[in-house]
Structure formats: C-alpha cells, structure tokens
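Asks: Everything below, folded, please.
(chains A, B, C and D)
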Protein chains: 4
Amino acid sequence: MQIGLVGLGKMGGNMRERLRNAGHTVVGYDTNPERADVNSLVDMVEQLDRPRAVWVMVPAGAATQHVIDQLCTLLRHGDTVIDGGNSRWTDDEKHAEELAKHGINFVDAGVSGGVWGLKNGYALMVGGEKEHVDDLKPVFDALKPDGPYGFVHAGKVGAGHFSKMVHNGIEYAMMQAYAEGWELLEKVDSVDNVREVFRSWQDGTVIRSWLLDLAVNALDEDHHLEKLRGYADDSGEGRWTVEAAIDNAVPLPAITASLFARFASRQEDSPQMKMIAALRNQFGGHAVEASKK
Amino acid sequence: MQIGLVGLGKMGGNMRERLRNAGHTVVGYDTNPERADVNSLVDMVEQLDRPRAVWVMVPAGAATQHVIDQLCTLLRHGDTVIDGGNSRWTDDEKHAEELAKHGINFVDAGVSGGVWGLKNGYALMVGGEKEHVDDLKPVFDALKPDGPYGFVHAGKVGAGHFSKMVHNGIEYAMMQAYAEGWELLEKVDSVDNVREVFRSWQDGTVIRSWLLDLAVNALDEDHHLEKLRGYADDSGEGRWTVEAAIDNAVPLPAITASLFARFASRQEDSPQMKMIAALRNQFGGHAVEASKK
Amino acid sequence: MQIGLVGLGKMGGNMRERLRNAGHTVVGYDTNPERADVNSLVDMVEQLDRPRAVWVMVPAGAATQHVIDQLCTLLRHGDTVIDGGNSRWTDDEKHAEELAKHGINFVDAGVSGGVWGLKNGYALMVGGEKEHVDDLKPVFDALKPDGPYGFVHAGKVGAGHFSKMVHNGIEYAMMQAYAEGWELLEKVDSVDNVREVFRSWQDGTVIRSWLLDLAVNALDEDHHLEKLRGYADDSGEGRWTVEAAIDNAVPLPAITASLFARFASRQEDSPQMKMIAALRNQFGGHAVEASKK
Amino acid sequence: MQIGLVGLGKMGGNMRERLRNAGHTVVGYDTNPERADVNSLVDMVEQLDRPRAVWVMVPAGAATQHVIDQLCTLLRHGDTVIDGGNSRWTDDEKHAEELAKHGINFVDAGVSGGVWGLKNGYALMVGGEKEHVDDLKPVFDALKPDGPYGFVHAGKVGAGHFSKMVHNGIEYAMMQAYAEGWELLEKVDSVDNVREVFRSWQDGTVIRSWLLDLAVNALDEDHHLEKLRGYADDSGEGRWTVEAAIDNAVPLPAITASLFARFASRQEDSPQMKMIAALRNQFGGHAVEASKK
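Replies: Residues are numbered from 1 along each chain as shown, chains lettered A, B, ... in the order given. Model prediction:
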C-alpha cells in the first residue's frame, strides 16, 4: 500500500527501507532535503491516493504537535495519521480529538527495535479504533518481525504509547538488574572473569535475554567497561511510567530506583549527600571532605 | 565417567537421568530408599573407582554439612567433592578447608535450570582449582545445555556459588520489573488486553527474554492471575546478594527493592504501616481503620 | 486587621478562632450556614473595608478554583486573595494570573499544624510579591507560633505551596523511618519493651523530634498498635513531591519508598506479587497460594 | 560510686568528665598515657573496690574483644563489665558468655549523644540482667540527660546495642529525608531562600526535630553547602540494621535507600551506570561519555 512518512532520521529512515523492501510505496518527507523524497508536506500529501495514511516519526512534543497541526489542514475526511514517535500517551487523546474535528482518524504506535529494527523488525504496540488499525495491517506486517510476535493492538487511542512506555519502564529495571549484578561480581576477588560469567548465562539460566546478549557484546568490546563514564541519560518514558504509576497508586519500587540511579549518575556532586555530610559533622564531629569544585 | 550423586530430589533425580543419557555411570544415594541406587554412602563410595568424584545435591546448610562431614571419613586423598546445592558462598571455603585436611578436593557448582533443566540442560557456574574443574569436564558437559553457553569456571573456590547467587539476585529484579509493568498495565482502562501486549513483546523488543516467555505461559493459564495470591517466598540467594553488596559497599537499589517486596507480600498486615496510620492520626486527626484481626 | 475567611472546616474554624484571639476581625463564610458568619460570599465581601484580604481555606482543586472564580468578580483592584489550602503549586501561577486580570493580588500560603495549630500556632510558608506579603504581616503573626520560627516568605507565587509540599514529602520519609525501626524492634526477641525504647529516645538522641513524641503518645494509647490496620492514605503532597523531583531530575529514594509503602498498604492483595508467584512457579515449580478472594 | 573506664577518646573522655561532675570516682585507662589516670588495666582494676564496674569505651570489634579478654583474667566473680562502644549486638552474647565463665556480669549500653553529650547528657539504651542494670543506676543517672527521658533498660543482653543500632538506622533515613527535600528546594527557581524555609520549619511544623536544628546550623555556616563534597561515610550500624532486617524478613525501604545513597556517594564513577550506558549504546546507539579517568 501507499504511505506517507514524516521524519526520516535514524528510525524513520530505516523504517522507510524496511517498508520498501516489503513492496510498499513510501513517500517520505523530512526537513532535511537530503533525506526527503518530496520538498514539502503538501507535496507528500498530493502524491498519496485517498484515503491516505501518514506515519509521523518525529520527536515527541512540539515537533509532533507541529506536524499534526499541519496535517489537520492538509488531509481530508477518512485519512489516517499514525503517530509512531515517542509521544506521551496523554498527548494521544488530544491529537485524536484535534484530528477528529477534520474527520481524520488517529492511531498511536509505540515502536521498539532501535538500531536493530531494520534487520530484525520493529515491535509495534498500537492504539486506536479497530477498523483504523485493521486498514493499516499491511504496513504493520511489513514493519514487525517475522513470526508470531511483535505486534499488538493494545486498546483504545493511547494504549499503544502507554504499552510502549511501560515496556521502557521494564527495560530500565532489567538493565539496572544486570548492572547491579555486574558491579557486585566485579567487586569481589573470588570471581576472576565476570565477562565469562555473563557469557555463560546466555543459555540454561533463568535470566537469559536479549539484553544479556547485548551486555556480553559490550563486555567483549571493553572487558571492564573502563572506557565509559557511568553516566546515563533518560528519554522520558521512564519518568512517565513513574508518573502514571503515581496517578494510579501503583508502587513501582524497582523501576523508580532505576530512574533515580540515572538521575544521580548525571550529578557531578550530590547536593543531598552534602547535607548528609553536613549533618554528620554537626552531631558527631565526623570529618567532611572539601567540595571538588 | 563414574560419579557418585548424593541427593535425588527434584533436581538431583533429573540430573542423574541427564548424566546417564550422556553415557555416564551414576551411583546415586538418597535417604529415601525408593530413589536410591545404593543403601548407604558407604556403598556408594565402594562402588566408585578412585579417584572418585561425588556430587552433593542436598539442601544448603545443615544437610550439606552433614554429608560433607561423612565424606571426609569415607573418601581418600585425590578424590573430589562437588557441592551443587544452593550453599552460601561463605560455606565453600570452610568445606574446602575441611576436606583438604583429608587430601580431598572441593569444587562448588551453582546450578540453574529448575524444572526445565532435564530437557534444556543446566547452566553451571563453577569455582575451584583449574585441575579439579578440568577433571570434571565430562560431567559438566553432560549437564550443561548444548551449544556454546551454559558453563563457566568462574574463579576460586566459592566463585561458583557467588556467581549463581548474583544470578538469582538479578532474577529477582527482572521478575519485579515485569511484575511492576504488568500491574500498571492491568490498572489502566485504555489497555484492553495486557496478555496480548506481553505476548507481542516476545519479539523485536528490548525486553524479550525467557522470563517473558514464562510470563506469557502463566497468563495463558490464568488470564489475570486471579487464582493466585500475591505471595512470594524467597530461598536465600536474594538475601545473600544484598548482604554481599553491603559487605562490599555496592548499592543494589533494584534488587533490594525486589527482596523487600517479597517480604511485604508475606505479611497479613504491615506493622510499619500501623505506625504510619497512628502518626497520621496523632498529628492530623486522620481516620484510621480497625485491625483486620 | 480585617480579613475574610472562606472555608470553616477543621482547619479554617480553628484559624478563625486563633485570629480573633489575636484581636483581628474575621468575617467567615462557609457553605455550611451553621459555621458561617455571613450568608454568602457577597455578604462577606461587603462587610470588609477596601483594600480587602480574603483567605481561602477550602479543598484543593475544583473547590478552590470555584471560590477564586467567584472572587474575581466580587473583589476589586488592590484587594488580595490568599490561598491557604493544600493546592498544588502549579495551580498558584494560574490563580495569580486569573486574579491579576482584575487587578487582584495573590499570595499562596502552605499551612502546617493540623489539629495542634489552634494551641501551638500554624507554621506558614508563603509565596508572592513582597509588598503583598508585608501587608498581611499582622495576619501571619497571629497565626504563626510564638517565637522566632514558623513563618517564611519563601519566594515568588507558588513558593509557599512548593515549600509546604516538600515539608510533607520530608514528613513521609521521617514517619517511614520511625515505622521501619519500630517494626524491626517489635520483631526481635531480645528487646522486651519497644515502647519504652521509643520513650527514652525523646532526649539525648539524634532522632528526637515532635513526630517521635507523637509516636510515644500513640504507643501509650495502644502498646503494640494492635487495634489499627496497617493502612495509610495519602493526601497528594507526597505524590506531587515525587512528580516535582522527576521534573527536576532529583533522585528522592527515601521519600518515594515511603509513598510506595502507602500505596501497597491499601492493596488487599498485590497484583505484582501474583506475577512474581506465577513466574516462580513457571521456572522452578515453586508452590503458589490460592487467591484470598 | 566507683567506676573503671577503658578508652578515653572523644566519647570516653567527655563521659569521664560528666561522671566526675556528678560526684563519681572514675579511674580511667587509655593506651595513650596522656589521657590515662593509671598506667595499665591492672592498675585500674587494683584501684577499684569490689564488686567492680568497668565501662569499656573502645572501638567495636578487635579492640573491644581484646579488652574483654584481658578483663576476664583481671576481674573477679561478681564484677561487671559494661560495653558502651558501638559493638554489633551479635557480639554481646558472645562477650556475656565469655565473661560468665569467670563469674563476671555483662551489660551492653548503646550510647547516643556525640559531641553534644557532655553538655546535654547521653541517651543510654541498656541490655542485661535486671539486677546488674539496677546496680549501675547511679552511673546511668549521671550520664543521661536531666529529665524523664534518655535511659531505657531495653531487654536482655544485646538489647541495648540492638536498640542503638535501630536508632542509627532511623537516623540515616531522617537525615536522608531532610537531604532530599533540601536538594529539591535548592533546584527550583520559585523558592528564593531555602535556608530561611528550613529555619522557619523549626516551630509549628510536623517535621521539627533536633536534626532540623542542626541542618539550620549547617546552612548558617555555609548557605548552600558549597564548601562540602557530597560524600558520606557510614560507621556500621546502618549496615547492621539492614542485615538484621533481612534476617527477620522486615522490609526497610527508606533506611536501605539511605544506606545505598551513602555507598554511591563514595564512588568516583558508578560501575553499574557504566553498564547502563553500555547497554543503551548497544540497543539504541545512544551516545556514551568517555571515562573520567
């Protein structure tokens, strides 16, 4: 089928290639003309037959809002917009309502797969009306991995991004699990070769996983991760997961601990630990260290 | 090769079968005569040619200590004892020293695989002297999964059980990760079918793993886990992991949160939350609820 | 000075009394006519000389919004509205802007003191323009405790509620600290009399505090808190504190753990621990317990 | 009454002064002759009338063990040893048994008060037989604060150190509570003067405490704690509290989070966050930073 694709960065570019490999016609637009198939959103829309499907793959927030605002005026009744970016699920209902005023359908798609998606396929978690989702089946089939898994129609509008968000929350805690175990193994004398321990775990254990395979890859490249700084960014989904949990009074101790570990990793010096040092000095005369600055 | 096997419960019995399927001669002893091949440890030892290898697969603590005490007197210089049970790594050095006084070698083996090990093979993490480990290679090869993974000589005596203990600590936090995500997804209205979301994650996602496959199995058997009580035991390794972390000043927030969640799951009513309720009532006149008892 | 007071519940009623004891003229309005001094907001406003000060002490959210909407039309240029309720700090700027369109000033006041405030005074954390805050000094002086502490002009509009919110976040973790310690002491055999241990801590220790005094009161009323259920509500500020921390990438492990402990205390059975039980059964054949329902 | 005092460091020296101020006869011994009243433990014991009381105030572990070993041979039937150091409660029963073989009584005393104890008195948590504790009442009365609080006979041998250990665990989480709140307040723009917010909390609030007073002192000395490094040691009791909780299956999320925050504060770079960075790079191509070394 035909599909418009807005945003041809690392993710969008690879998705265009995977869609074309499956025989679909992709008309891609990007603000960077070197990546784009057309010069403008208008051109893209004009090259698509109605009812059109336009997949938006741009950064969450202002950029996505801007594209959707434009599509409201460019698309027509019966067309469908798919937001495949990392939008917060709370934006989905707003976008759906805005588009609905113009008779345009909305589907949200959480996409997992990163740099491996082009080869292995992208896992897709989709939210929206059943008929809108069904119409897009050929596109989803082309993007998803071969085999029985990797696609779900999770529920109403917002359910796709919500599911993807929870996926990322789980990812945070799984990564933290391996990271904590690795640090402890590296710390003790009796274990000679932590890398080989990790490698051995890839079969027969309860904790075998794709993330474990990646950990082994990383350790093969840098045996004790000496080249890296212990610094981790977060891209929003972890924060939103904790916020959704708070809204729903669900305790998420492991996922939240993982998020906080990332926050702390980005601090040169911990303000709260300055206060701990100050209090210990006040009541017990315990020594303090001078600020590193 | 020949091997003595002490303890023929769920794990030991399956391991005997897997060893025999690989062509090894196993002389098994168990206090339950229905499972045993011989009537006594003495008989077992007599049926083995020297140098003997005896694999101990009984509960950690007193039971393992009792068997090792007996083997000190029954075995001879050059024989080897393998502790494949869930012993705490701190016991290994003690056992090794005790046996060394009699010229008997000691190897510790952390074993993962549970009820799936007979079919898929057992992951083995082994500690001890290189020559003792090398001599046992045929046994390890028979027990481990086919393929390149599932066995590691992790380091000195104790390194096997230490690695297995950390494996279980990681396991705690990974399980907690999926559990937290599942509860949050079940709680929100927009996601219709959490079971299908989990199923879809089995390919193309960052969080695909064997534990995820098991979660899907569990949800297929009981769609919303309504038949189960939210109650989880712990078998020691999680506690030991946290204790080892404290000894080594390594922060383990996610693994520890997972352990504490299990502790809390076993309380009918939380004493500490009684104190919270009492304090809220004292300063703010907030309502309290009567004890359930 | 004269002041209008909207909302005469447990907090507002006591504040009226404390203000009158200090010689101020309070015109109180409440939707419950038995508590009110006047029949309507209109009456209240008419009885006050200009420039008027109106203290709003009603539940956060819709109720506060409703009163402020009405005051926009009833008050005049140069009058001042003080929101002393538990509003989220993010509402303050909205309220300030809305009132500013009518030339009405806005001050936010976080109020601590609970049922003890009438006697001991209320701690006040205030946000707003310096001149608006200064004009209200007589009112703040009457409400606050005697002595040098208990009042702060914390900063801009919103700073009062933000400071009070953080106060409550700290309160959560302090309560949790005592609660955890109490549970552990109650659990061990060697300590005979936990209540007397707590009582003794009221002097000479690092952990003496007003909350500790309240804990002793509570234990004197119910020696082992046997009459209470371990169930704790939360009134919003704890959640907002964690959300503010996430917005600012500040790790709050102890405060968040305290919030999650409250969430868990309200669950009859823990969904996430059902998943843990299910997974343990899947990989290890570990026994599960039937749901309590 | 007469008392021998072994160990005249910061704590012991001040305790000698407070005991003498109360009219007691203290014979103090220290390995540093400049502090000592006598030249040897033998001299100290000889100067005391029977039945003797000897208070041991030396570092926990080997030093305390060494003194107790010597006292076993120097003291006689009916004499009493008090361990007032920071011994782990599990050592108390061992010491009591060792001394009992010589007919010597044992009492353990957890002591709080730090550098403030000389002036304000030391809070004492005591474990042991009632008659042994009663005989020492004059000493305890001299050391404790004036007024009704600050002393408790908590239970059997070990109960004193156990109660003091839990006191310190609570202290960790209370300090963490203030520290987290302080960091969050410092981070936001709307709050101008965090120091004045803390100062104001000293009356009328739920969170007023001695630790809060100390926090204000610290902020008065260094308004934003800019001179300090965010680095905090731990002296053992926090670790033991978590270990005791694990032994008793009591969840301690806030206290443990506080302990882990200290561990993390002492790491130049976090090994576990290196693994997080490595994994993010592996699956998503996310940028990493080079090690600081």
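Asks: For the rest of this, base every contact and every neighbour count on C-alpha atoms.
Replies: OK.
Asks: how near is whichever residue of the stretch 101-250 of chain A sits closest to chain C to residue A:160?
Replies: For the stretch 101-250 of chain A, the residue closest to chain C is residue A:249, as judged by CA to the nearest CA, at 5.5 Å. As for residue A:249, its distance to residue A:160 is 21 Å (criterion: CA to CA, to the nearest Å).
Asks: who's more crowded, those two?
Replies: Each of residue A:249 and residue A:160 had its neighbours counted (other CA atoms under 10 Å in any protein chain shown), and the higher figure belongs to residue A:160 (30 against 20).
Asks: quick check: mean pLDDT across whichever strand or helix holds the more buried one?
Replies: Residue A:160 belongs to helix A:159-187 when assigned by DSSP states H and E. In this model, helix A:159-187 has an average pLDDT of 98.
Asks: Please see if it touches chain C.
Replies: No: using CA under 8 Å from any CA of the partner chain, we find that helix A:159-187 stays clear of chain C, coming within 12.7 Å at best.
Asks: Show me what whichever helix or strand comes after that helix is packed against.
Replies: In the C-terminal direction, the helix or strand that comes right after helix A:159-187 (DSSP H and E) is helix A:194-200. When contacts are defined as 3 or more CA pairs under 8 Å, 6 or more residues apart in numbering or on different chains; DSSP states H and E, helix A:194-200 packs onto helix A:159-187, helix A:210-221, strand B:123-127, strand B:151-155.
Asks: now do 6 Å
Replies: Taking 3 or more CA pairs under 6 Å, 6 or more residues apart in numbering or on different chains; DSSP states H and E as the contact definition, the neighbouring helices and strands of helix A:194-200 are strand B:151-155.
Asks: In the helix or strand hosting residue A:91, which residues are buried?
Replies: When secondary structure is defined using DSSP H and E, the element that contains residue A:91 is helix A:89-100. Residues A:89, A:91-93, A:95-96, A:98-100 are the ones in helix A:89-100 that count as buried (16 or more other CA atoms under 10 Å in any protein chain shown).
Asks: Next, the angle from the longest strand along chain A to helix A:89-100.
Replies: Assignment by DSSP state E gives strand A:105-112 as the longest strand of chain A. On the basis of axes from the mean of the first three to the mean of the last three CA atoms, to 10 degrees, strand A:105-112 is oriented at 150 degrees to helix A:89-100.
Asks: So strand A:105-112, near chain D or not?
Replies: No: interface with chain D: strand A:105-112 contributes nothing (CA under 6 Å from any CA of the partner chain), its closest point being 9.6 Å away.
Asks: does any bit of that strand sit next to chain B?
Replies: Yes: Strand A:105-112 reaches chain B (CA under 6 Å from any CA) through residue A:112.
Asks: Correct me if wrong: residue A:159 contacts residue B:193.
Replies: No: counting by CA atoms under 6 Å, residue A:159 stays clear of residue B:193, with 9.8 Å between them.
Asks: The two - which one has more neighbours?
Replies: Neighbours were counted for residue A:159 and for residue B:193 using other CA under 10 Å; residue A:159 has more, 31 against 18.
Asks: Can you pull the poorly scored residue ranges out of the stretch 151-293 of chain A?
Replies: Judged by pLDDT under 70, the stretch 151-293 of chain A has its weakly predicted residues at A:292-293.
Asks: How about the residues of it by chain B?
Replies: Applying CA under 6 Å from any CA, one finds that the stretch 151-293 of chain A approaches chain B through A:151-152, A:154-156, A:159, A:166, A:170-171, A:173-174, A:177-178, A:180-181, A:190-192, A:197, A:200-205, A:207, A:209, A:252-254, A:257.
Asks: Give the ChimeraX command for selecting the buried subset of these.
Replies: Under the burial definition 16+ other CA under 10 Å, those of those that qualify are selected in ChimeraX by:
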select /A:151,152,154,155,156,159,166,170,171,173,174,177,178,180,181,190,191,192,197,200,201,202,203,204,205,207,209,252,253,254,257
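Asks: that older thread, name the surrounding residues that touch the longest strand of chain A.
Replies: Under the contact criterion CA atoms under 6 Å, 6 or more residues apart in numbering or on different chains, strand A:105-112 has outside partners A:80-84, A:96, A:122-128, A:160-161, A:164, B:205.
Asks: which of those residues are buried?
Replies: Of all these considered here, the ones buried according to neighbour count by 16+ other CA under 10 Å are A:80-84, A:96, A:122-128, A:160-161, A:164, B:205.
Asks: give me the residue from the stretch 1-150 of chain A nearest chain D.
Replies: With distances taken as CA to the nearest CA, the stretch 1-150 of chain A approaches chain D most closely at residue A:114, which sits 4.7 Å away.
Asks: what's the distance between that residue and residue A:3?
Replies: Summarising the geometry, the distance separating residue A:114 from residue A:3, computed by CA to CA, is 21 Å.
Asks: now do residue A:109
Replies: Computed with CA to CA, the distance linking residue A:109 and residue A:3 is 15 Å.
Asks: And for residue A:41?
Replies: Spatial separation of residue A:41 from residue A:3 under the definition CA to CA is 13 Å.
Asks: Show me which of the two is the more surrounded one.
Replies: Of the pair residue A:41 and residue A:3, residue A:3 is the one with more neighbours under other CA under 10 Å, namely 23 against 20.
Asks: Quick check: residue A:57 touching residue A:85?
Replies: Yes: Residue A:57 is in contact with residue A:85 according to CA under 6 Å; the separation is 4.8 Å.
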